[in-house]
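[1] Quick one: sequence and predicted model below, then my questions.
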Amino acid sequence: MRSWLMSSIGKKQVVAVSGLLLILFLIAHLAGNLLIYRGPEAINIYSHTLHSFGLFIRLAEFGLAAIFLIHIAFTAMVVIDNKKARPIGYIGGQPYKERSLATRLMPYTGTILLIYVITHLFDFTLANSNGPGAFVNGQNLGLYGLIVNAFANPYEVLWYVVAMAAVGFHLVHAIQSVCQTFGLNHPVVTPVLKKISFVLGVLISVSFASIPIYVWLFISTAH
Amino acid sequence: MPLDSKIPGGPISEKWTQHKFNLKLVNPANKRKHTVIVVGTGLAGASAAASLGELGYNVLAFCFQDSPRRAHSIAAQGGINAAKNYPNDGDSVYRLFYDTVKGGDFRAREANVYRLAEISNSIIDQCVAQGVPFAREYGGLLDNRSFGGAQVSRTFYARGQTGQQLLLGAYSALMKEVDHGSVKLFSRREMMELVLVDGVARGIIVRNLVTGKIESYAADAVVLATGGYGNVYFLSTNAMGCNVTATWRAHKKGAYFANPCYTQIHPTCIPVHGEYQSKLTLMSESLRNDGRVWVPSNKGDKRPPASIPEEERDYYLERKYPSFGNLVPRDLASRNAKIVCDEGRGVGSTGLAVYLDFADSIKRLGKEVIEARYGNLFEMYERISGSDPYKEPMMIYPAVHYTMGGLWVDYNLMSTIPGLHVLGEANFSDHGANRLGASALMQGLADGYFIIPYTIGDYLARTPLPKLDTQHPAFKEAEQAVTDRVNKLLNINGKRTVDDFHRELGFLMWDHCGMGRNEAGLKLALEKIPALREEFWKNVTVTGSVGELNQTLERAGRVADFLEFGELLVRDALHRSESCGGHFREESQTPEGEAQRNDDAFCYVGAWEYQEGGTPVLHKEHLTFDEVSLTQRSYK
Amino acid sequence: MKETLNLTLKVWRQKNANTPGKFETYEANNIDVHASFLEMLDVVNEGLALKGIDPISFDHDCREGICGACGAVVNGKPHGHLPKTTLCQLHMRHFKDNDVIVIEPFRSQGLPIVKDLMVDRSAFDRVIAAGGYVSVRTGSAQDANNLPVSKEDSDLAMDAAQCIGCAACVAACPNAAAMLFVSAKFSHLSLLPQGQVESKRRVKRMVYQMDKEGFGNCSNEYLCEAACPKGISVSNIARMNRAYFKSGV
């Protein structure tokens, strides 16, 4: 087990599993977030319900953070190994310039996401949903208020859209990559998986990104 | 010294079984006290080293390539013969034996050939167990195909890469023993000298090709599996590194060289394109099933093939051999291509090529059928030549491909130097004057997997071998000889490159001792080769130094040996005034132009003994044929 | 079509493993378009030798695309730009007059440079020694037809077994990973019943050795497959990943 964990393939499989769990989290998170389209009550009830789980939700958050850190830590190990594997590069053009955009952007999208997650936590999770940030036109709208206020700022909206684009690129490579890393490669299934990977990546990313845009265009400006 | 082939008595089918019983054994505990050196890691060398390692011997394996897996056995395409009779078409050990003796034009030892046929089945079993992915039928059992010189389907194959798969099998067995610690691998080492102590082979001197260091290794027996000498012709289908150095060094130390004039020339190779060509590529002979061979009727006709009208084309094989047509045996096809080119009717930029035309077949069968049959070959041809054989006829020319001659060995595969064993293409033993298709792989693996493991034990058990190491004066002396020779090469500082000399030697050999040989040409070659050799030692330029990786120096050493060996090859060809198999003396042909053997005068193995500073001495091992009666081949 | 080319070569020259290397520029003039890439280098080398300059060292042997000895990165591509072609089978007609050609050795921690364009691929031998075999002793085999193997499996095994061990996959991989090479051998043997018995031990030991040699890690970009002169499929990597997961957890 230990030798598996520290082997090149083992590390990648850890990255793959943790990544897959993060994707599941994303889907659940997205489902919750989309409640914004049903108005302030829906999203605030969702938020309250989550918090009412108390200890359970703390544990879940702790688990999520752990998975996130494991994903980053193992990725870092893999990247360091890979850098060491080719100390001197090529000058006659990179042999791998035909790499797909998504794979080439993996380290950048990953870094953007790390920064994003931290800012996102400060924006919403750690912010006081009954504090001044939650007040819109003198009314305490809770989490909904936080969202509306945050996305009144077009730069904030832009940053969220960029981050969600990063999520998209990250996922397009990630899902089919998870399959390969766990040994699923089939002449019929794999091309389909690659398409699913692409569609799912785009769908998740666009759905998330739609929220700040929607809020900025139709709600924040209206207030 | 009279040649004792040590062929056991008894009926031919019992000889090997009986002999194995009579061989002395080395007890398991004593095996690890014996060190065996194996030089070369092709089919014969790798299989020998692996099998000896499994038995418990302490094996040292050497190859000049960066990995044992690169040995040139890897390039064999067609397949490997075995007398399994899976297709139920009447094959048997006896029939494989019979075909091989006859195919060798009655110049091989019956007992050796019978043993080869007998072992052939175990080879297939062994290779399948190793995971060699031979072609299979839908039922999951092994597939067979037919090959030249046989009327049964007995050839096992792995697509067009049988040699590769068999070699990788032997290599994996070898690496398994490396992992177990019984074999130590020394790659990028070139054997430079054989070391004899009290007349017995006890070690080798190698040059470490990376550091340039001259290294010595001592052992109780030495096995050479260093392949053939086809590169004496410069252009051949052999790999660039194939050389005669190891066997030639052994020859100079007392091992007799047998039948060097037996060379096999393959009729369908991609022709020479220019002065800088480094090697020739073989195209499968199966192409002749649907291609028609022709040249223009008129000398010097330089028109493109499409503009030469039908009546001005000479389909010379169909004209001369109406019954066999384009499917005459290899030697006839090769020789006739040379004849028309010598007449000035050859095609292509060099005039050394003939057309192999598929236009009629494409018209008759359709492009799809031809593509299904030869698609990969056409692709390979186009890759190399840049011309599309669906539209223009292919150009082909014969090329040197395999050498049947080699160091003389007895039934135990031991040379005339006690302790020096020789396997595979490096020995002379089983193919006579001509090798049948798909038999080279069989012989290499038979020698390595199933013969040497038994016979070397007998040698080790019978021979008193005093302990010695590389501090022995014989090693120091040999090391010094190698160092002197290398330094001499580096200090000539002449004006011609090594390749330039090699090319000249090759063309000389090809012109005078190639597909057709005659007394006048051979005598001329015997004058020219020593002169070229003399110039080499005065005018070659070898750059760099000894203490580093120096590919020019490597080649220079090999070419220096080819320059000595070539003379022996020509001498052998001159003395054998009969035609047989791959050796065609123009003076000795039937009225139809076929090879005419002279069994009364030449039914023997010609083994040459090296004489320092003098002409080599010929020893004859007379061949007797008790099973297969001597007949003349005919294709009428 | 012009029959000869004049080219400029930028070649990596490095005296030995311990000396730093650098690029040198050479002219290659009057190169026959029908010559192979290695024959072009032969011509350049003959010219260098006559000038007393140490010729460019490069590994090569069979020159018919099967031994796996040759290989260099040509203009950023292992074995040059032609797909499914080894360097010895790449002919000069695929280049243009006055082209500048950059020739570099395969680069990887696992393949240290020996000299110029020659690299030390003994890591591959050690990976094979770690498990790239079926443990069967000479003489202990049963009759070959006692063990039927389905044609599909046999063909798949042959597809993987075609690997020539040239290391172009490592050279092409952005991470210098050797996964395609290792998985091709693993797949070849594990697809056949003969090799399945020791499959678990094989995958563990081969991967362990691969990691030890300093190769990188697969990021599933499949450039190895694109560079492979034998077109070996990355599905072999998936097969090995699966087996490795099962063997480890």
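    Cool, the structure landed. Numbers count the residues shown, from 1 in each chain, chains lettered A, B, ... in the order given.
[2] Can you tell me the centre-most residue of chain A?
    Nearest to the geometric centre of chain A sits A:Val167, at 5.2 Å (CA atoms, centre = their mean).
[3] and that residue, helix, strand or coil?
    Classification of A:Val167 using DSSP: H, G, I helix; E, B strand; the rest coil returns helix.
[4] so how far is B:Asn539 from the closest residue to chain A within chain B?
    Across chain B, no residue is closer to chain A than B:Asp179, which sits at 18.4 Å (CB to the nearest CB). Quick note: C-beta positions are derived from backbone N, CA and C, even for glycine. Using CB to CB, to the nearest Å, we find B:Asp179 at a distance of 48 Å from B:Asn539.
[5] How about B:Gly228?
    Applying CB to CB to B:Gly228 and B:Asn539 gives a distance of 28 Å.
[6] Also C:Gly110?
    Taken as CB to CB, the span from C:Gly110 to B:Asn539 is 43 Å.
[7] More neighbours: which of those two?
    Set C:Gly110 next to B:Asn539 and count neighbours by other CB atoms under 10 Å in any protein chain shown: C:Gly110 wins out with 27 against 14.
[8] and that one, that's in a helix?
    No - counting by three-state DSSP, C:Gly110 falls outside a helix, being coil.
[9] what are the phi and psi angles of the residue of chain B at minimum distance from chain C?
    Residue of chain B nearest chain C, by CB to the nearest CB: B:Gly140 (3.0 Å). Main-chain torsions, B:Gly140, degrees, to the nearest 10: phi 90, psi 0.
[10] swap in B:Thr211?
    B:Thr211 adopts backbone torsions of phi -90, psi -20, taken as degrees, to the nearest 10.
[11] Same check on C:Ala227?
    Note on C:Ala227: its backbone torsions stand at phi -90, psi -20 [degrees, to the nearest 10].
[12] Then B:Asp511?
    According to degrees, to the nearest 10, B:Asp511 has phi -70, psi -40.
[13] Could you check how many residues crowd around the closest residue to it other than its chain neighbours?
    Nearest non-adjacent residue to B:Asp511, counting by CB to CB, 6 or more residues apart in numbering or on different chains: B:Gly521, 7.2 Å away. Neighbours of B:Gly521 under the rule other CB under 10 Å: 19.
[14] what sits up against the helix or strand hosting B:Gly521?
    Applying DSSP states H and E as the criterion places B:Gly521 in helix B:519-539. Helix B:519-539 has contacts (CB atoms under 8 Å, 6 or more residues apart in numbering or on different chains) with B:488, B:492, B:494-496, B:501, B:504-505, B:508-509, B:511-513, B:559-560, B:563-564, B:566-567, B:570-571, B:573-574, B:577, B:585, B:587.
[15] go with 6 Å
    Under the contact criterion CB atoms under 6 Å, 6 or more residues apart in numbering or on different chains, helix B:519-539 has outside partners B:494-496, B:501, B:508, B:512-513, B:563, B:566-567, B:570, B:573-574.
[16] now swap in stretch B:407-425 and tell me
    B:5-7, B:44, B:48, B:200-201, B:221-225, B:227-228, B:247, B:254-258, B:427-429, B:444, B:447-448, B:451-452, B:455, B:607.
[17] now, which of the residues you listed lie within helices?
    B:Ala44, B:Ala48, B:Thr247, B:Gly444, B:Ile452, B:Thr455 (DSSP state H).
[18] wait, the third one sits on B:Ala426?
    It refers to B:Thr247. Yes - assessed by CB atoms under 6 Å, B:Thr247 is found in contact with B:Ala426 at 5.4 Å.
[19] pLDDT averaged over stretch B:198-205 - what is it?
    The predicted model assigns stretch B:198-205 a mean pLDDT of 98.
[20] any idea how far the closest residue to chain C within chain A is from B:Gly444?
    Among the residues of chain A, A:Gly183 lies closest to chain C, at 2.4 Å counting by CB to the nearest CB. Distance, A:Gly183 to B:Gly444, by CB to CB: 38 Å.
[21] Over to B:Ile417?
    21 Å.
[22] So what's the residue count around the closest residue in space to B:Glu312 that isn't next to it in sequence?
    Leaving aside its chain neighbours, B:Glu312 sits nearest to B:Ser297 (5.0 Å; criterion: CB to CB, 6+ apart). Using other CB under 10 Å, B:Ser297 has 15 neighbouring residues.
[23] isn't B:Ser297 right up against B:Tyr315?
    No - with contact defined as CB under 6 Å, B:Ser297 and B:Tyr315 do not form a contacting pair (9.9 Å).
[24] Is C:Asp99 in contact with C:Asn6, as I believe?
    No - look at C:Asp99 against C:Asn6 with CB under 6 Å: they stay out of range, at 8.9 Å.
[25] from memory B:Gly406 sits against B:Phe428, does it?
    Yes - look at B:Gly406 against B:Phe428 with CB under 6 Å: they come within range, at 4.2 Å.
[26] could you say which helix or strand contains whichever residue of chain A sits closest to chain B?
    At 18.4 Å from chain B, A:Ser3 is the closest residue in chain A, using CB to the nearest CB. Counting by DSSP H and E, the element that carries A:Ser3 is helix A:2-6.
[27] what's that helix in contact with?
    Contacts to helix A:2-6, defined as CB under 6 Å, 6+ apart, come from residues A:Gly10, C:Gly248.
[28] just how off-centre is the following helix or strand past it within its chain?
    Using DSSP H and E, the next helix or strand after helix A:2-6 towards the C-terminus is helix A:8-33. Distance of helix A:8-33 from the chain centroid (CA atoms, centre = their mean, to the nearest Å) equals 9 Å.
[29] Tell me what angle the helix or strand following helix A:8-33 forms with helix A:8-33.
    Later in the chain than helix A:8-33, the nearest helix or strand by DSSP H and E is helix A:40-52. When axes from the mean of the first three to the mean of the last three CA atoms, to 10 degrees is applied, the directions of helix A:40-52 and helix A:8-33 differ by 130 degrees.
[30] Pretty sure C:Thr168 sits against C:Lys77.
    Thr isn't right for residue C:168; it's Ala. No - with contacts defined as CB under 6 Å, C:Ala168 does not count as touching C:Lys77, sitting 9.0 Å away.
[31] What segments of the chain are helices?
    You didn't say which chain, so I picked chain A. Using DSSP H, the helices found in chain A span residues A:2-6, A:8-33, A:40-52, A:55-85, A:101-120, A:142-150, A:154-181, A:189-214.
[32] Please refer instead to chain C.
    C:37-50, C:122-129, C:151-161, C:168-172, C:179-190, C:193-196, C:199-212, C:223-227, C:235-248.
[33] can I get the ones you listed in a markdown table with distance to B:Ala82?
    Listed next are the helices of chain C as a markdown table, based on distance: least, CB to CB, whole Å:
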| stretch | distance to B:Ala82 |
| --- | --- |
| helix C:37-50 | 36 |
| helix C:122-129 | 26 |
| helix C:151-161 | 18 |
| helix C:168-172 | 34 |
| helix C:179-190 | 22 |
| helix C:193-196 | 18 |
| helix C:199-212 | 28 |
| helix C:223-227 | 35 |
| helix C:235-248 | 30 |
